[in-house]
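1. Sequence and predicted structure, then a few things I'm wondering about:
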Amino acid sequence: MDDASLQLNTPPDRYHLVYITFLIHGIGVLMPWNMFITAIDYFTKYKLGKTYIGFVFPYAANFMQLLTFSAQVPSLLFSWMNIFVQMGGNLTTRIVWSIGVEVVMFLITVIIAMCDTSAIPYGFFWITMICVVLINIANGIYQNTIFGMAAKLPGKYTGAVILGSNISGTFTALVSLFSSSITPNARMAAIYYFITSLFVLLICFDTYFALPLNRYYRHYELKEKKEIQKQRQVGRGAKERVPYLYILKKCFPQLLNVFLVFFVTLAIFPAVHSGIKPYDKNFFIPEKYYTSITCFITFNVFAMIGSWLPSYFVWPGPKFLWIPVSLRLLYIPFYLLCNYLVDGQVRILPVLISNDWVYWIVAVTMALSSGYFSSLGMMYTPRMVEERFATTAGMFAAAALVTGIFSGILTSFLWPWIITHVGN
């Protein structure tokens, strides 16, 4: 009787518990990646540094590129595979196994951080890369499944996952600042990073099992089950096959929007964004803190604000979202024309944006639009199809997101060549 009542009446999301749960999972989805890139000095300057191992490690200079490739390729492949193949079975099994694998890999990472690996640098390197691959295989399934779950609910809950992903960057920056302030040792700072990730993932694990106990979440879960049963009755009891091509066609404009937002953002941040140096040596931000403030803090804070704004107003509608999303492509040439420098290389492309204030203001708009338009695209996608297909549409949106990230990161490797070969 309670279930029948829940199907008919939508209870309130008391204390916003369901919203907060998806917010936490949004933080958890990007936490592994953020922690590894934040601990880059631990890998390149400590564990693989010449002082520690006694020689110049051949992969140290390209460690970030190798880390990025090892992280994004499995995440991309398994995000798309998770749509068509229910790897690990139902939603609960997929969530449990994916978070479980991530926790085990982070435990291994913490253990090897505590061990003396100076005699086996190649062993340390390959163990790290294997951990990164396995973490991102699990994370691809985890992220895809969480967006599919959020797609059952009103659009703001998908927005909560995006908001959590952007909070994750700010949270990681604060953890990095705190760790660096209490210990100057890169090894200890990295251990703090990884233990923090473990703690966040365990919270995600616990809060997932709390969801079915929440009446608001159960209302939408029962509503989805009822819709599926209704379709089976219409089909004389046969299990309805998921029309993937139909869903893809209906959602394609929004999937393209999601892809473009993340493509532009990752083509710029952090590769180009962090390489921009102050043009005016008398700028009020000291050069020591210039990148931290104008790049990392600015992007993470304003992307977080941008993804929070759709909770209060939504514009433009799904029909016209492509216009501002396409205009964001102009950010790429703008950033390349700023004072973007690459260590050890001579810039030939002229610097046309020489005002640090102009660069910083545009950086704020880039971060805001990234958070805002990505939230809109992810929120609109499940609404393009019938309710019973919303979960699959949400998974398509998550896969488009990962594809945009991967494509943007690959494209970012072109910019150093362009600024050093294109000019007068």
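-> Ah, there it is.
2. residues contacting N82?
-> N82 makes contact with 94, 140-141, 144-145, 395, 399 under the criterion C-beta atoms under 8 Å, 6 or more residues apart in numbering. For glycine as for every other residue, the C-beta is placed from the backbone atoms N, C-alpha and C.
3. In a helix, it, correct?
-> Yes - the assignment for N82 (DSSP: H, G, I helix; E, B strand; the rest coil) places it in a helix.
4. Tell me the spacing between it and K250.
-> 20 Å (C-beta to C-beta, to the nearest Å).
5. Quick check: buried residues in the helix or strand hosting P74?
-> Following DSSP states H and E, the helix or strand that holds P74 is helix 63-84. Using 16 or more other C-beta atoms under 10 Å as the test for burial, helix 63-84 gives 63, 66-72, 74-83.
6. same question for that helix, mean pLDDT?
-> Averaging pLDDT along helix 63-84 yields 84.
7. Please export the alpha-carbon coordinates of the following helix or strand past that helix; CSV is fine.
-> As assigned by DSSP H and E, the chain's next helix or strand after helix 63-84 is helix 91-114. Only the C-alpha atoms of helix 91-114 are listed here, as CSV (Å, rounded to 0.1, in the frame of the first residue of the first chain):
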residue,chain,number,x,y,z
LEU,A,91,22.9,-0.7,-11.1
THR,A,92,23.8,-1.8,-7.5
THR,A,93,26.3,-4.4,-8.6
ARG,A,94,28.0,-2.0,-11.0
ILE,A,95,28.2,0.7,-8.3
VAL,A,96,29.5,-1.7,-5.7
TRP,A,97,32.2,-3.2,-7.9
SER,A,98,33.3,0.1,-9.5
ILE,A,99,33.7,1.9,-6.1
GLY,A,100,35.3,-1.3,-4.6
VAL,A,101,37.9,-1.5,-7.3
GLU,A,102,38.8,2.2,-6.9
VAL,A,103,39.2,1.8,-3.1
VAL,A,104,41.5,-1.2,-3.5
MET,A,105,43.6,0.6,-6.1
PHE,A,106,44.0,3.7,-3.9
LEU,A,107,45.0,1.4,-1.0
ILE,A,108,47.7,0.0,-3.2
THR,A,109,48.8,3.5,-4.2
VAL,A,110,49.0,4.6,-0.5
ILE,A,111,51.0,1.4,0.4
ILE,A,112,53.6,2.0,-2.4
ALA,A,113,53.8,5.7,-1.4
MET,A,114,54.9,4.5,2.1
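8. so where do the strands sit in the chain?
-> Counting by DSSP state E, one finds no strands in the chain.
9. So, low pLDDT: which residues of it?
-> 1-8, 86-89, 180, 184, 228, 232-240, 424 (pLDDT under 70).
10. Can you tell me which of the contacts of N82 end up in helices?
-> In helices, defined here by DSSP state H, the members of the contacts of N82 are 94, 140-141, 144-145, 395, 399.
11. which residues does the closest residue to F57 other than its chain neighbours contact?
-> Distances taken as C-beta to C-beta, 6 or more residues apart in numbering place L48 nearest to F57, at 4.4 Å, with adjacent residues excluded. Neighbouring residues of L48 by C-beta under 8 Å, 6+ apart: 57, 59-60, 63, 121, 124-125.
12. Angles on the backbone of L48, please.
-> Backbone geometry at L48, expressed as degrees, to the nearest 10, gives phi -110, psi 10.
13. count of residues packed around the residue lying closest to A397 once chain neighbours are set aside?
-> Spatial nearest neighbour of A397, excluding adjacent residues (C-beta to C-beta, 6+ apart): T381 at 4.0 Å. T381: 32 surrounding residues under other C-beta atoms under 10 Å.
14. T381 is in contact with P253, isn't it?
-> No - contact between T381 and P253 fails when scored by C-beta atoms under 8 Å: they sit 9.3 Å apart.
15. still on that earlier bit, from the ones in helices among the contacts of N82, pick the one nearest V261.
-> A399 (14.3 Å; C-beta to C-beta).
16. And that closest one, how far from Q65?
-> 23 Å.
17. Hmm, A397 is touching L255, no?
-> Yes - look at A397 against L255 with C-beta under 8 Å: they come within range, at 6.4 Å.
18. ok, those two, which is more surrounded?
-> When A397 and L255 are compared on other C-beta under 10 Å, the one with more neighbours turns out to be A397, at 29 against 25.
19. That one: what's it in contact with?
-> 147, 151, 158, 251, 254-255, 258, 377-378, 381-382.
20. now with 7 Å?
-> Counting by C-beta atoms under 7 Å, 6 or more residues apart in numbering, A397 touches 147, 255, 258, 378, 381.
21. Tell me which two of those residues sit farthest apart.
-> F147 and L255 (12.1 Å).
22. L134: what's its closest spatial neighbour, skipping adjacent residues?
-> Closest to L134 by C-beta to C-beta, 6+ apart is M105, at 5.3 Å.
23. Can you get me a residue count around that neighbour?
-> 23.
24. okay but it is in contact with I135, surely?
-> Yes - here M105 lies in contact with I135, judged by C-beta atoms under 7 Å, at a distance of 4.7 Å.
25. before we move on, back to that, hmm, which two among the contacts of N82 are most spread apart?
-> Maximum distance among the contacts of N82 (C-beta to C-beta): 14.6 Å, for R94 and A399.
26. In terms of neighbours, single out the busier of these two.
-> Remark: of R94 and A399, A399 carries more neighbours, 26 against 21, as counted by other C-beta under 10 Å.
27. residues contacting the closest residue to F205 other than its chain neighbours?
-> Of all residues not flanking F205 in the chain, I99 sits nearest, at 4.9 Å (C-beta to C-beta, 6+ apart). Going by C-beta under 7 Å, 6+ apart, I99 touches 142, 201, 204-205.
28. one more time with 10 Å, if that's ok
-> 25, 28, 138-139, 141-142, 201-202, 204-206, 208 (C-beta atoms under 10 Å, 6 or more residues apart in numbering).
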